[in-house]
Every structure is written in structure tokens, then in C-alpha cells.
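1. everything below, folded, please.
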Amino acid sequence: MDFLYVKAFYGLLAFDLRGLGRDFARLHEFVRSFKAGSHPPGQDVVERVCRAVNHACVWYPRAVLCLQRSTVTTCLLRSCGVRAQMVVGAQILPFKAHAWTEVEGKAINERKDVQKIYGVWERC
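-> Predicted coordinates:
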């Protein structure tokens, strides 16, 4: 079993146990203060983290929403030395909010047009 998968699965669990989905201010502070590791990231670390998070989401016993998924992906990437950002955005009509992760300004593990569909509310 891949260690990144285990970390992703426990990240999803910690998100639920800490109640981060019910307190956006606390969630925002948690992600904002989660610093990237000082070691240089591996060559394919973004792809490996995305794969691990996807796999963990499949096996997680509850539905994983975008805020939980982007929080775990962002923090896991940062723990691997990648300067990732969690982005929260919305579209006006019909109103929809969404969260995703970006690396170097590019949305990862996400539909290609997410940055065109949603206006950015916050980056952290």
C-alpha cells in the first residue's frame, strides 16, 4: 500500500473528525498556516498525490466533497514540498461554489475549465 494513499485517507478522516467542513474560518486558517516542506519535491509528486487522493476518496466511507478533497490535496502536496494553493470560487447563475487545488497557477486533479467557470473568492 502506498504511503501517500494512507496519508490521504487519514487526511480525509482528520477533516471530518476536526469538523473543518462546518467552520470555514478554521479551515481557512488551517490551510493557510500549513507550510510547504523545505525539501525539493520529487519529479512526479503532483501526479502521485492526485492519484493517492483519488484512491482514498473511492475507499472513504462517506462522500467526499470538493472542499474536503482540495484541503487534503493541498496539504498533502505541501507536505511533499510543493507550493500548492487551495482556491475557493463561485459562479453566479446558477449559483454554485467550488473548491480546487492549484500548483503554479494551474488547476490540478480537476476539470480543465474550472478557472473559467468559477470566479475566485479566496486563495490560501
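2. count of neighbours near the residue lying closest to Val72 once chain neighbours are set aside?
-> Nearest residue to Val72 in three dimensions, chain neighbours excluded: Gly11, at 3.9 Å (Cβ to Cβ, 6 or more residues apart in numbering). Heads up, the C-betas are built off the backbone N, CA and C, glycines and all. By other Cβ atoms under 10 Å, the residues close to Gly11 number 21.
3. before we move on, what about Pro40?
-> In terms of burial, Pro40 registers 10 neighbours under the definition other Cβ under 10 Å.
4. how about it, secondary structure?
-> Secondary structure for Pro40, judged by DSSP: H, G, I helix; E, B strand; the rest coil, is coil.
5. before we move on, what about Ala63?
-> Secondary structure for Ala63, judged by three-state DSSP, is coil.
6. contacts only, for the residue nearest to Val72.
-> Under the criterion of Cβ atoms under 8 Å, 6 or more residues apart in numbering, the contact partners of Gly11 comprise Ala56, Thr71, Val72, Cys75, Leu76.
7. what helix or strand is Leu76 on?
-> Of the helices and strands defined by DSSP states H and E, Leu76 is found in helix 66-79.
8. what sits up against that helix?
-> For helix 66-79, with Cβ under 8 Å, 6+ apart as the criterion, the contacting residues are 4, 7-8, 11-12, 15-16, 20-21, 27, 30-31, 34-37, 41, 45-46, 49-50, 52-53, 56-57, 84-88, 98-101, 103, 108-109.
9. at 7 Å instead, please
-> In this structure, residues lying in contact with helix 66-79 by Cβ atoms under 7 Å, 6 or more residues apart in numbering are 4, 7-8, 11-12, 15, 20-21, 27, 31, 34-37, 46, 49-50, 53, 57, 84-86, 98-101, 103, 109.
10. so among those, which ones count as buried?
-> Buried members of the contacts of helix 66-79, scored by 16 or more other Cβ atoms under 10 Å, are 4, 7-8, 11-12, 15, 20, 27, 31, 34, 36, 46, 49-50, 53, 57, 84-86, 98-101, 103, 109.
11. convert the C-alpha atoms of stretch 38-47 to CSV, please.
-> Taking Å, rounded to 0.1, in the frame of the first residue of the first chain, the C-alpha atoms of stretch 38-47 are listed here in CSV:
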residue,chain,number,x,y,z
SER,A,38,11.6,22.6,2.8
HIS,A,39,12.8,19.6,0.8
PRO,A,40,12.5,19.8,-3.0
PRO,A,41,9.5,17.9,-4.4
GLY,A,42,10.1,14.7,-6.4
GLN,A,43,9.7,14.7,-10.2
ASP,A,44,6.2,13.2,-10.3
VAL,A,45,4.9,14.1,-6.8
VAL,A,46,1.9,16.1,-8.1
GLU,A,47,0.6,13.2,-10.1
